[in-house]
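S.K.: Show me the folded form of this:
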Amino acid sequence: MTTAPHRVTFREVFGVAEFRAMWFGELLSIAGDQLARVALSVLVYANTGSATLTGLTYALTFFPSLLGGIFLTGFADRFPRRAVMVTVDATRAALILCVAIPGLPFWALCVLVGCVSLLNPPFKASQLALLPQVLEGDRFVVGMGIRSMTVQSAQLLGFAGGGALLLAMDARLALVLDAGTFVLSALFLRFGLKSRPAAASGEKRKPFLSSLSAGGKVAFATSALRSLMVFTWLAGLMPVYEGIAAPYVASSGGGSEMIGFLLAADPVGSVIFTFIYTRWVPAGIRPKLIGPMTALAAIPLLLCFLQPGPIVSVILFVISGGFGTIALLQATASLTVAVPDESRAQTMGLSNTGLTTTMGVTPLIGGVIADHVSAQTTVGIFGLAGLLITIPIAIAWQRTVSGQAEEGSAKEATRAEHA
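M.R.: Numbering: from 1, shown residues only. I've put the predicted structure just below:
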């Protein structure tokens, strides 16, 4: 009689002390970052009165991370990952404190904010590359799910709480609080994580310029890895509705209050679907679901061709965002454990950079299209494009997963014969 496979619980994952340290540190940083973004917008607009400069400052909290993802994530392979994360947190705290200095010239503020964004990718790459060592086996996927729910929830609370807090405090004080979250995160990591050597040391450590291309070579070395990389990038294509939220609500006949509900649809769907996926979907079948889940993220968007109203649209986006999140979660987890540890951070940096780029370009293209057709039709076009890209990638990935399963069965049969 065979026993049912053990399913990892959230409690079991939180029972790992190192994961708790990483989780608390990330939760603090995310909440502080969201508060800081609101504070920066208020501070810049109050000092300049310019919507353009306010928008530019907000963009600087994201855009430089593209460069950081290409040029800096390799440091998480070349140096101990705990040390990289602690150093980045301490540096970001110092930079944010400088931003809070009264009378700071606008150009200096832009440089400081850009540097904070530049340092985000090596921190995330270090964290993601270290997590499989902290959480082994299926604990890793469940831990990734917990992180996903935490990020989405903290972002919602950060924006909502940021607006409320700024009614009671000065924007510069909010920036000081953000710096404090980075300091606390650094302390959690420094004293909560074990000391581990650098992954790329000795003969594995390549010259810096050579290591920049190593992640790309590894990520596209096989059909399976190429498929996983494309799956992660596709996740940035689907939520085009977030970038055109205002015209979408206007086109669908909703009032301005519906914009908040539309923007909340993706995070709400993400939390619900991630909980269900990590709690009840068996670990053995999860990798097989990446293609179907990516397709299911695109299909609800096709219904936007029917010009749905705002309430129906929000429901569609909750479903699309939920499937998109768990597809990204599993694709990222599978890619992380599939690449060698000595180039893992550089590879995951490339994955995150591609995702960030897609998320940045998609609203721009969507806005251009929405100027010529309705916003609902625009979302439908992106859903169709996502589905058409997904189908061949999903077929290739399914063949890979089936081949790996057959190979595993053959090995089990051989071991049984010799037993």
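S.K.: so where's the protein uncertain?
M.R.: For the chain, the stretches flagged by pLDDT under 70 are 1-5, 51-52, 55, 58-59, 61, 155-169, 202-215, 405-419.
S.K.: Nearest residue to the middle of it?
M.R.: Asn352 (7.0 Å; C-alpha atoms, centre = their mean).
S.K.: Verify the stated contact: that one with Pro121.
M.R.: Yes: using C-beta atoms under 8 Å, Asn352 makes contact with Pro121 at a distance of 6.3 Å. C-beta coordinates here come from the backbone N, C-alpha and C atoms, glycine included.
S.K.: neighbouring contacts of stretch 244-259?
M.R.: 241, 262-263, 307-310, 313-314, 363, 366-367, 370, 374-376, 378-379 (C-beta atoms under 8 Å, 6 or more residues apart in numbering).
S.K.: So which of the residues you listed belong to helices?
M.R.: 241, 262-263, 310, 313-314, 363, 366-367, 370, 375-376, 378-379 (DSSP state H).
S.K.: Of those residues, grab the buried ones for ChimeraX.
M.R.: Applying 16 or more other C-beta atoms under 10 Å to the ones in helices among the contacts of stretch 244-259, the buried members can be selected in ChimeraX as follows:
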select :241,262,263,310,313,314,363,366,370,375,376,378,379
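S.K.: Could you say which helix or strand holds the residue nearest to the centre of the chain?
M.R.: Using DSSP states H and E, Asn352 sits in helix 344-370.
S.K.: Could I get the buried residue list for that helix?
M.R.: In helix 344-370, counting by 16+ other C-beta under 10 Å, buried: 344-356, 358-360, 362-363, 365-366, 369-370.
S.K.: Distance check, the residue nearest to the centre of the chain against Ala331.
M.R.: As judged by C-beta to C-beta, to the nearest Å, Asn352 and Ala331 stand 12 Å apart.
S.K.: And Ala17, by the same measure?
M.R.: Ala17 is 28 Å from Ala331, by C-beta to C-beta.
S.K.: same question, Gly403
M.R.: Taking C-beta to C-beta, one finds Gly403 at 18 Å from Ala331.
S.K.: between those two, who's got more neighbours?
M.R.: Each of Gly403 and Ala331 has its neighbours counted (other C-beta atoms under 10 Å); Ala331 has more, 26 against 11.
S.K.: what angle do the helix or strand hosting Gln127 and helix 344-370 make?
M.R.: Assigned by DSSP H and E, Gln127 belongs to helix 106-134. Interaxial angle of helix 106-134 relative to helix 344-370 (axes from the mean of the first three to the mean of the last three C-alpha atoms, to 10 degrees): 130 degrees.
S.K.: Now do helix 106-134: which elements does it pack against?
M.R.: helix 17-48, helix 51-59, helix 65-71, helix 75-78, helix 81-99, helix 138-165, helix 310-338, helix 344-370 (3 or more C-beta pairs under 8 Å, 6 or more residues apart in numbering; DSSP states H and E).
S.K.: most packed of the ones you listed?
M.R.: helix 75-78 (a mean of 26; mean count of other C-beta atoms under 10 Å).
S.K.: what number of residues lie near Asp371?
M.R.: 11.
S.K.: Which residue is the nearest non-sequential neighbour of Thr357?
M.R.: Leu66 (6.1 Å; C-beta to C-beta, 6 or more residues apart in numbering).
S.K.: Correct me if wrong: Val44 contacts Val99.
M.R.: No: using C-beta under 8 Å, Val44 makes no contact with Val99, being 10.4 Å away.
S.K.: separation between Ser201 and Gln346?
M.R.: 15 Å.
S.K.: cool, Ile290 as well?
M.R.: Per C-beta to C-beta, Ile290 is found 22 Å from Gln346.
S.K.: one step back: which residues do Asn352 and Pro121 both contact?
M.R.: Residues touching both Asn352 and Pro121 by C-beta under 8 Å, 6+ apart: 69, 73.
S.K.: Please work out which residues outside stretch 383-394 touch it.
M.R.: Contact with stretch 383-394 is made by 227, 230-231, 234, 237-238, 290-292, 294-295, 297-302, 304, 320, as judged by C-beta under 8 Å, 6+ apart.
S.K.: Mind checking which of the residues you listed are buried?
M.R.: By 16+ other C-beta under 10 Å, these give 227, 230-231, 234, 237-238, 290-291, 294-295, 297-302, 304, 320 as buried.
S.K.: who touches the closest residue to Ser50 other than its chain neighbours in this structure?
M.R.: Of all residues beyond its chain neighbours, the one nearest Ser50 is Val44 (7.9 Å), with distances taken as C-beta to C-beta, 6+ apart. Val44 sits next to 50, 53-54, 57, 106, 109 when contact means C-beta under 8 Å, 6+ apart.
S.K.: Contacts only, for Gly180.
M.R.: Contact partners of Gly180, counting by C-beta under 8 Å, 6+ apart, are 32, 93.
S.K.: One more pass at 10 Å, please.
M.R.: Applying C-beta atoms under 10 Å, 6 or more residues apart in numbering, we find Gly180 in contact with 28, 32, 93, 96-97.
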